[in-house]
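Visitor: Need a 3D model of the sequence below.
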Amino acid sequence: MAMTYSGRCACGAVTLQIKDAPVGTRQCWCLQCQQIAAGGPSHNAIFPTEAVSIAGPLRHSTWTAASGNTLTHHFCPSCGTQVYAQSSARPHLMTVRFGVIDEPHGLRPEVVIWTDEAPAWACIDPALERWPGQPPAPAPPPPPAG
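Guide: Got it, this is the predicted structure:
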């Protein structure tokens with residue numbers, strides 16, 4: 001049975017349905033994520049783009065990330081909730097914010113990235129795999145059996 005998730009922004013204007021398991025989950029300490037997350041890291045689940053359906057209005061902002069890729073963040077224009085991000089290097093993947101996925105989703109970071117940009121006071125789980133900067137993309141899921 002395939003995993004499914006639903007979600008919404010804080011005001012409910014944007015909803016999402018996800019019809020697949022994440023290919024990875026990450027905590028990101030890059031400076032851009034610290035800015036959009038009010039000083040802490042962002043917490044993200046990475047899904048195949050075709051698995052995610054979004055309804056409602058979205059706005060976006062785009063910039064060049066420290067990795068050199070163009071990063072586009074999509075958010076609700078009414079309440080500002082961050083919904084997802086997408087990298088120019090990985091258009092087949094959507095990085096969905098944990099906070100927009102309905103609880104209980106059971107997700108937790110598997111990897112911590114951009115640790116070199118984390119502040120000295122950051123609490124990083126020592127049990128998690130760490131990357132000082134941009135890691136390689138998550139491996140694609142295996143093809144369906146059959």
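
Visitor: Tell me who's in contact with residue 135.
Guide: Neighbouring residues of residue 135 by CB atoms under 8 Å, 6 or more residues apart in numbering: 111, 113. C-betas here are computed from N, CA, C, even on glycine.

Visitor: for this structure, which spans come out with low pLDDT?
Guide: The chain contains residues with pLDDT under 70 at 1-2, 138-146.

Visitor: one more time with 90
Guide: By pLDDT under 90, the low-scoring segments of the chain are 1-3, 32-33, 36-38, 63-69, 89, 134-146.

Visitor: Enumerate the strands of it by residue range, in sequence order.
Guide: 5-8, 15-18, 24-28, 42-48, 52-55, 59-64, 70-75, 82-87, 93-97, 111-113, 129-130 (DSSP state E).

Visitor: Buried residues, the fifth one. List them.
Guide: The neighbour-count criterion (16 or more other CB atoms under 10 Å) identifies 52, 54 as the buried residues of strand 52-55.

Visitor: With only the CA atoms kept, save it in CSV.
Guide: Provided in CSV are the C-alpha atoms of strand 52-55 (Å, rounded to 0.1, in the frame of the first residue of the first chain):
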residue,chain,number,x,y,z
VAL,A,52,2.2,16.0,-5.1
SER,A,53,-1.1,17.8,-6.0
ILE,A,54,-1.6,21.4,-4.7
ALA,A,55,-4.8,23.4,-4.8
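
Visitor: which outside residues touch that strand?
Guide: With CB under 8 Å, 6+ apart, strand 52-55 has contacts from 14, 15, 16, 17, 18, 19, 83, 84, 94, 96.

Visitor: what number of residues lie near the closest residue to the last one other than its chain neighbours?
Guide: Closest residue to residue 96 in three dimensions, ignoring its sequence neighbours and counting by CB to CB, 6 or more residues apart in numbering: residue 84, at 4.7 Å. By other CB atoms under 10 Å, the residues close to residue 84 number 25.
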